[in-house]
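Provided below are the primary sequence and the corresponding predicted coordinates.
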Amino acid sequence: MKIGIMTFWWSDDNYGQLLQCYALQKYLRRLGHDPYLIRYKWYSDVIKNPLPIRILKALNPIYMYKYVKNKRNKALIKKEADKNSRCFDDFRKRYIAQSEIQFSSLKQLRENPPIADVYVVGSDQVWNFWNNPVRRFRNIMHAYFLDFGAAETKRASYAASWGVKNISAAYIKEISPLLSKFDYVSVRESSGIDLCRQCGAKSVKWAPDPTQLLSADTYRELYNENKLRKPQNTYLLLYILNNKCSIDIQAVYNFAASKNLEVIYVTGNGTIDTYAKFFATIPEWLYLIDNAEYVITNSFHCSVFSILFDKQFAVLPLTGKYAGMNSRLDSLFNRYEMESRFIYANDFSVLDRPYSAKSPII
């Protein structure tokens, strides 16, 4: 079957985003299917606020401060990325089958729908709309609930993540008629089962992330067929996404020093700080996890690969508005039937605590 996949794909520094896309395609090909990525990028599909609201926001000093800070940060991120390419485009071109057209709106998806026997949405946080008003994110919601294409095309979600534990009544009202058209529904977090049921889905499966469908040796083959820069010293890998964590990163460096380890620091999602970073390619990132003495992260996918490679790892829990995303890790630990690996109050003892992880049920 020809399978069109709706997921996230455009990042230049989020390794898990690209690897979950790669893994789902590779798994489906092994089953004899013809999967490809539908290149929908939603940024310009957000519906603008009415002009009076935009004027009021523009006159608000707090909003202006955030706007200027955001513009400054984006400029710093672009400058850093231009100097230190991670070759994500090369990875996409080599390993991920893609639609020729890049869609920037729901309207384009509807006017020129991708050809497929089945549309699949997932994995990653494709159903996390960050509690934005429905009126602004309506197009994006409809796109990621596959509201385009022929009626006879099958629709399914695979390990779709909500990224939150609760959704509003407005979300439920908007999503319910869309989800009713799905032939199969599965979610990545167990908490997502209840959210789907609130939206009227009667049969919902709890499925592993696509990256968990492939073996560690498959990923080793991937990094071994590429040229790699390899650390010369024993090291602790620190991989941080730009989400607020509960501890200071300097504490990680102090722990590494106590173990006589170098810190290899890799970041994603536009993290900005003054620490020296290693700008790894995707194959290098996999190698770094596989060969680290310890791994510390706040990333779901880095945790997945740490388990696949049987590494001693620990997770920095997210705080503030991102705290709800910790459910992804709770669900991951439950799926592998293992104890939590969260670090609290700068207590790194979990890193020396052995664990047993069972293979996830597929």
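It's in. Numbering: from 1, shown residues only.

check contacts around residue 108.
Residue 108 sits next to residue 101 when contact means CB atoms under 8 Å, 6 or more residues apart in numbering. C-beta: built from backbone N, CA, C; applies to glycine.

the strand or helix carrying it: which residues count as buried?
Assessed by DSSP states H and E, residue 108 sits inside helix 106-111. For helix 106-111, a neighbour-count test (16 or more other CB atoms under 10 Å) marks 106, 108, 109 as buried.

correct me if wrong: residue 219 contacts residue 305.
Yes. Between residue 219 and residue 305 there is a contact at 7.2 Å, judged by CB atoms under 8 Å.

looking at those two, which is more packed in?
residue 305 (26 against 22; other CB atoms under 10 Å).

for the stretch 201-350 of the chain, what spans make up the strands?
With DSSP state E, counting those that start in this stretch as the criterion, the stretch 201-350 of the chain has strands at 205-206, 235-241, 262-268, 294-297, 313-315.

and among those, the most buried is which?
strand 294-297 (a mean of 26; mean count of other CB atoms under 10 Å).

got a list of contacts for it?
With contact meaning CB under 8 Å, 6+ apart, strand 294-297 is reached by 236-240, 252, 256, 259, 261, 289, 302-303, 306, 311-316, 343, 351.

now the longest helix anywhere in the chain and strand 262-268, what's the angle there?
Ranked by residue count, the top helix of the chain under DSSP state H comes out as helix 61-83. Between helix 61-83 and strand 262-268, the angle comes out at 120 degrees (axes from the mean of the first three to the mean of the last three CA atoms, to 10 degrees).

mind checking the SS state of residue 177?
Here residue 177 is helix, with the state taken from DSSP: H, G, I helix; E, B strand; the rest coil.

what residues are bridge-paired with the closest residue to residue 29 other than its chain neighbours?
Residue nearest to residue 29 in three dimensions, not counting chain neighbours: residue 35, with 6.6 Å by CB to CB, 6 or more residues apart in numbering. For residue 35, the beta-bridge partners are residue 3 (DSSP bridges).

list the residues that contact the closest residue to residue 97 other than its chain neighbours.
Spatially, and ignoring its direct neighbours in sequence, residue 97 is nearest to residue 36 (4.1 Å; CB to CB, 6+ apart). Going by CB under 8 Å, 6+ apart, residue 36 touches 2, 3, 4, 5, 25, 97, 98, 99.

still on that earlier bit, now do the contacts for the residue nearest to residue 29.
2, 3, 4, 5, 24, 25, 28, 29, 97, 120.

what residues are up against residue 334?
Counted by CB under 8 Å, 6+ apart, residue 334 has contacts residue 190.

how much space is there between it and residue 356?
Distance of residue 334 to residue 356, given as CB to CB, to the nearest Å: 14 Å.

if I look at the residue nearest to residue 97, how far off is residue 292?
The gap separating residue 36 from residue 292 is 33 Å, by CB to CB.
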